[in-house]
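1. Sequence first, predicted model second:
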Amino acid sequence: MTELLKHPQAMKKLQAEVGRTTQSNPTQPAHNRGRSRPNALSKSRDQGDSTPPPSGSPSRASGVDQRRPSNGLRRCGRDTRVVINAWSIGRDPASWDEPEEFWPKRFSNGLVDFRGQDFELIPFGAGRRGCPGIQFATAVDELAIANLVHKLDFALPNGVELDVKKVAGLTVHQKLPLLLVANSWSC
Ligand code: HEM
């Protein structure tokens, strides 16, 4: 929501898309009609996962004692725990153009998926210990956003500045709660 607020064009596009998707029954809240994910919605969500991902540290313990490392790699003893900085990976300029920018279109080519197959973006981890809640979390996130923007237009209260500072905790989250005024609207 914060990024959408900072990018009114993206918000308008999303509202228009949700409006089109729900046109057949405008009095109903937005829900998943059919199997395809609306484009602007899914791309905004994907982007939301990458800048920054809400959690950031999958970890793995080495199962073997690698006594003779090759290729100049460091020795990695059995049970060594490696913490993977998914936050940093998701904004590596080697993989992403302007990684700090909220730019949902970057996912339009469909080349990078967030489900753990593409290591440039791993908000849900990867491999056998990757997040099993991924489908549920994705559906709930998208439904929540779609329902929020379907009939409501959001603005900052008069005189309030948008503060986007993040803090770490159990998950990375915004330091201050996002306080918004919701106005009803219809597409
Ligand atoms: C946006 C929401 C969520 C995010 C970003 C997220 C992210 C993650 C990450 C990064 C991991 C570690 C993966 C790894 O080590 O490779 C994980 C593990 C896990 N997640 Fe999620 N998760 C989310 C929602 C959920 C939900 C809704 C559930 C359950 C309904 C869930 C259940 C789990 C479980 C059980 C594990 C441990 C898997 C294991 O160690 O084998 N997560 N999640």
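-> Thanks, I have the structure now. Numbering: from 1, shown residues only.
2. V18 belongs to a helix, doesn't it?
-> Yes - under DSSP: H, G, I helix; E, B strand; the rest coil, V18 falls within a helix.
3. Quick check: it vs the ligand, distance?
-> When distance is defined by C-beta to the nearest ligand atom, to the nearest Å, V18 is 20 Å away from the ligand. C-betas here are computed from N, CA, C, even on glycine.
4. swap in E101?
-> 21 Å.
5. Number of residues surrounding that residue?
-> Counted by other C-beta atoms under 10 Å, the residues lying close to E101 total 13.
6. Between its first and last residues, how far does stretch 124-142 reach?
-> Across stretch 124-142, the straight-line distance between its terminal residues is 16 Å, by C-alpha to C-alpha, to the nearest Å.
7. which parts of it are buried?
-> For stretch 124-142, the neighbour count (16 or more other C-beta atoms under 10 Å) marks F124, G125, A126, C131, A137, T138, D141, E142 as buried.
8. Can you pick out the most distant pair from those residues?
-> Using C-beta to C-beta, the two most remote members of these are A126 and E142, lying 21.2 Å apart.
9. Between the buried residues of stretch 124-142, which sits nearest the ligand?
-> G125 (2.0 Å; C-beta to the nearest ligand atom).
10. On the pLDDT front, check the closest one for me.
-> G125 is assigned a predicted lDDT (pLDDT) of 92.
11. circling back: same for the ligand: which of the buried residues of stretch 124-142 are within range?
-> Filtering the buried residues of stretch 124-142 for proximity to the ligand (criterion: C-beta under 6 Å from any ligand atom) leaves F124, G125, A126, C131, A137.
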